[in-house]
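Asks: Here you go, sequence then predicted model.
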Amino acid sequence: MTDRVIPITDGRRTKPLPNGGSLDSPVRASADLLGRRLRDLRISVTDRCNFRCIYCMPRDVFGPDYPFLARSELLTFEEIARLARIFGEHGIEKIRLTGGEPLLRKNLERLIEMLAAIPGVDLTLTTNGSLLGKKARALKAAGLQRVTVSLDSLDEGVFRMMNDADFPVSEVLAGIDAAAAAGLSPIKINMVVKRGANEDSIVPMARHFKGSGHIVRFIEYMDVGATNGWRMDDVVPSAEVVRMIGAKMPLEQIDPNYTGEVAGRWRYRDGSGEIGVISSVTQAFCRTCTRARLSTEGMLYTCLFATAGYDLRGMLRGGSSDEEISGAVARIWQARADRYSEIRTAETAKLRKIEMSYIGG
Ligand code: SAM
């Protein structure tokens, strides 16, 4: 390790509530300071993962002695569901379960059942796919609507190098098939592209899933957290990804499905499907960001690149009423001014940001 910043392990750097900290203003979160509504909630259900992806949980940092959260620190399913219901009243339209690896959390189906009962909310999950073969049917039966599966290469050597857990491609592909068979579609497949690591996997990945109905999304390698040693030189701009694929399989750009969609959409000119590109580094989309993030231990973050969050678990366990928590959520959202990706520099990249495995991807 050279100049890596020490990771934030306790996750407890809290911010005081905005506006002097009164907890009980029963306002609905309308818009933040940049006019953005609160529409999406990402919930991290565990900070643990069975992969050690080099760009997310590098093994030299997240080793055997890494202080993952103790069980008592995690929000219980009841606590998560209570917060989700409160967020539902603020107009949340979509909940995504993530982590860490969400399928490592025991009896996750029980939480899914509780969340699926919230009216008007689209319920999805992001996974590395390693346990999907076993769990896809039960997840669907519990009320999960769709999944996004991360897969960084179809090349065995490259994939194992990137997941650093010796996990084979074939099992993730089997998980994707199981998810499709269970009806968790359309399935999105996330591939993080890191210069010098998996650029050669871009075109084969696009070709493999072309015509399958699944949508591959190529993600620019981001400076999340403080441990992955991110450098701008390691980013492959989405424009380059589109050029590489388009040169082999002609593409045309299409409109977003909705305002605030993170992926730019491109479809194959022969009508055999589409791909997405997530260009958080080269074309920041902060202006339309409607996402809030709830960490495994109940801290609320208003940006993926945050350095501190708001302690909702303290309110839950301190006896606050739903109205008080709801008022706090409204105040937090209304005071939000985050736009990290628009102001990113080599210097901001070194900030002690919360790790993605903790805050939830
Ligand atoms: N374990 C699950 C998984 O593998 O999908 C969920 C958590 S993971 C943190 C969520 C997503 O974040 C994955 O698609 C992962 O590839 C992506 N991700 C993690 N670190 C990243 C980084 N530095 N830049 C871009 N994407 C990243």
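Replies: All right, it came through fine. Numbers count the residues shown, from 1 in each chain.
Asks: which residues of this protein fall in strands?
Replies: 40-44, 94-98, 122-127, 146-150, 188-193, 215-220, 251-254, 264-268, 274-278, 291-294, 299-301, 310-311 (DSSP state E).
Asks: Which stretches in the stretch 101-250 of the chain count as helices?
Replies: Assigned by DSSP state H, counting those that start in this stretch, the helices in the stretch 101-250 of the chain fall at 108-116, 132-142, 156-163, 169-182, 202-209, 238-248.
Asks: What parts of the stretch 151-300 of the chain come near the ligand?
Replies: Asn190, Val192, Ile219, Tyr221, Met222, Val224, Asn228 (C-beta under 6 Å from any ligand atom). C-beta: built from backbone N, CA, C; applies to glycine.
Asks: Can you name the residue of the stretch 201-350 of the chain nearest to the ligand?
Replies: Ranking the residues of the stretch 201-350 of the chain by distance to the ligand (C-beta to the nearest ligand atom) places Met222 first, at 3.6 Å.
Asks: So, low pLDDT: which residues of the protein?
Replies: 1-12, 19-29 (pLDDT under 70).
Asks: Run through who's touching stretch 95-103.
Replies: By C-beta atoms under 8 Å, 6 or more residues apart in numbering, the surrounding residues in contact with stretch 95-103 are 40-51, 84, 87, 105, 108, 111-112, 115, 118, 121-128, 130-132, 135, 148, 296, 357-358, 360-361.
Asks: Produce a PyMOL select command limited to the buried residues of these.
Replies: Here is the PyMOL selection string for the buried members of these, based on 16 or more other C-beta atoms under 10 Å:
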select buried, resi 40+41+42+43+44+45+46+47+48+49+51+84+87+105+108+111+112+115+118+121+123+124+125+126+127+128+130+131+132+135+148+296+357+358+360+361
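Asks: check contacts around whichever residue of the chain sits closest to the ligand.
Replies: The ligand sits closest to Gly361 of the chain, with a gap of 2.4 Å, by C-beta to the nearest ligand atom. By C-beta under 8 Å, 6+ apart, Gly361 lies in contact with Arg42, Cys56, Thr98, Gly99, Thr126, Val224.
Asks: hang on, isn't Phe77 packed against Glu109?
Replies: No. Phe77 lies out of contact with Glu109 (C-beta atoms under 8 Å); the separation is 10.2 Å.
Asks: which residue packs closest to Ile245, ignoring adjacent ones?
Replies: Ala206 (4.7 Å; C-beta to C-beta, 6 or more residues apart in numbering).
Asks: Any idea what Trp266 is bridged to?
Replies: Gln253, Ile275 (DSSP bridges).
Asks: wait, isn't the residue nearest to Ile245 in contact with Ala247?
Replies: No. Using C-beta under 8 Å, Ala206 is not in contact with Ala247; the gap is 11.0 Å.
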